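S.K.: need the 3D shape of this:
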Amino acid sequence: MKVRFLKLKSWLLMTVMGALGLSGCHSHKQLAEPEEVQPRVKERQEIRLMYGVPTMNYRISGKVHDAQGKPVKDVRVNMLEHGIEATADTVYGDPENVKNYLESTSVKTDKKGRFVIEQSTTPREEVRILVRDVDGASNGAYKNQLIHMEVDEASIDKSNAGGWNRGDFNKEIDIKLERK
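M.R.: Below is the predicted model of the structure:
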């Protein structure tokens, strides 16, 4: 009995609220004059509305070598996104997501130890590069590194900046890995 009463009460409330809501949609404004009475706009000014997120183009290139200057191939290099917490040996978060992120965003050094990372992402004050030896002992066992690079205004090329693009950050780095 109580359930029926609550259902009836809900139905009555919804009906009354619906009726009140529909009556509130009635406009008391007068309709505009016919078009021929209104002055015509002779010239329209263009208003540009921009929707998006500021971005910056990052290009980090370099060479990875050992203490003797010998190039180290097959090393994984990542530019970590803003907000990802990491140390040289650990990237924090859900293990499956971390694994997928690292695999999808990393580049591998070639036989001369060279790499190039190119990303377009939000502007930041610091870029973090994670260097990982993931191939085991096939080319030697090396310690992982987390490199912090400052992105100051002087290092940004603003010749291509415009709209949401804040410019280009190009940096070449030399990475020396230590053996484990």
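S.K.: check the gap between the spatially most central residue of the chain and D174 for me.
M.R.: Here the mean C-alpha position of the chain is nearest to the C-alpha of T121 (Cα atoms, centre = their mean), at a distance of 5.0 Å. T121 is 23 Å from D174, where distance means Cβ to Cβ, to the nearest Å. (Each C-beta comes from the backbone N, C-alpha and C, glycine too.)
S.K.: how about the helices in this protein?
M.R.: Ranges of helices in the chain, per DSSP state H, are 2-23, 95-105.
S.K.: okay, buried residues for the shortest one please.
M.R.: In other words, helix 95-105. 101-102, 105 (16 or more other Cβ atoms under 10 Å).
S.K.: quick revisit: surely the residue nearest to the centre of the chain and Y58 touch.
M.R.: Yes - using Cβ atoms under 8 Å, T121 is in contact with Y58, at 6.7 Å.
S.K.: now the end-to-end length of stretch 121-138.
M.R.: 34 Å (Cα to Cα, to the nearest Å).
S.K.: how far off centre is that stretch?
M.R.: Relative to the chain's own centre, stretch 121-138 is displaced by 16 Å; criterion: Cα atoms, centre = their mean, to the nearest Å.
S.K.: averaged pLDDT, that stretch. What do you get?
M.R.: For stretch 121-138, mean pLDDT rounds to 90.
S.K.: number of nearby residues for the closest residue to N144 other than its chain neighbours?
M.R.: Spatial nearest neighbour of N144, chain neighbours left out: A88 (4.4 Å); criterion: Cβ to Cβ, 6 or more residues apart in numbering. By the criterion of other Cβ atoms under 10 Å, A88 has 13 neighbours.
S.K.: and A88, how far is that from V75?
M.R.: On the measure of Cβ to Cβ, A88 and V75 end up 13 Å apart.
S.K.: next one: M149
M.R.: For M149, the distance to V75 equals 18 Å [Cβ to Cβ].
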